[in-house]
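Colleague: quick one, fold the following:
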Amino acid sequence: MSKYSKIIKKAASYVKESDALIVMTGSGMSVDSGCKTFRGEKGIYDDLPKRKNGEIMDQFDVMDHQFFVNDVASFWYFYGQRYMEY
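Modeller: Purely as a prediction, here's the structure:
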């Protein structure tokens, strides 16, 4: 029996007894799961909102708190689409 067997069995019991499970992963899992990537072909960043002057925002703009403060409707539209995709 390995030194990790007890830990693995305990973790397995937590999973078995839980009502839900959330798994945090790194990049690369999106494609394998059928989800859009951020930067890939037809990725999330290919569909960025436009500023009021018509200029397309970049990915840093949509992650900035000022995006929410300055244009709450566009914020919820952009992040609402992301939420519905996942």
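Colleague: stretch 78-86: which residues count as buried?
Modeller: residue 78 (16 or more other C-beta atoms under 10 Å). For the C-beta atoms, the positions are set from N, CA and C on the backbone; glycine is no exception.
Colleague: next: stretch 36-48.
Modeller: Using 16+ other C-beta under 10 Å, the residues of stretch 36-48 that count as buried are 36, 37, 44.
Colleague: what about residue 28, distance to residue 48?
Modeller: In this view, residue 28 and residue 48 are 22 Å apart by C-beta to C-beta, to the nearest Å.
Colleague: make that residue 19, sorry
Modeller: Counting by C-beta to C-beta, the gap from residue 19 to residue 48 is 36 Å.
Colleague: what is the lowest-mean-pLDDT helix or strand in the chain packed up against?
Modeller: The weakest-scoring helix or strand in the chain, judged by mean pLDDT, DSSP states H and E, is helix 29-33 (a mean of 74). Contacting helix 29-33 under the criterion 3 or more C-beta pairs under 8 Å, 6 or more residues apart in numbering; DSSP states H and E is no other helix or strand.
Colleague: buried sites along that helix?
Modeller: Buried, per 16+ other C-beta under 10 Å, within helix 29-33: residue 30.
Colleague: all further residue positions should be reported with the first residue as 41.
Modeller: Right, with 41 as the first residue, what we last looked at is helix 69-73.
Colleague: ok, which stretches of this protein are helices?
Modeller: For the chain, the helices defined by DSSP state H occupy 45-57, 69-73, 99-102, 105-110, 112-125.
Colleague: any chance of those in CSV with distance to residue 63 as columns?
Modeller: Output for the helices of the chain, formatted as CSV (distance: least, C-beta to C-beta, whole Å):
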stretch, distance to residue 63
helix 45-57, 10
helix 69-73, 9
helix 99-102, 24
helix 105-110, 28
helix 112-125, 18
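Colleague: mind checking pLDDT for residue 126?
Modeller: For residue 126, the model assigns a pLDDT of 66.
Colleague: which non-adjacent residue is nearest residue 92?
Modeller: residue 111 (7.2 Å; C-beta to C-beta, 6 or more residues apart in numbering).
Colleague: shouldn't that neighbour be in contact with residue 97?
Modeller: No - contact status for residue 111 versus residue 97: not in contact, 9.4 Å apart, counting by C-beta atoms under 8 Å.
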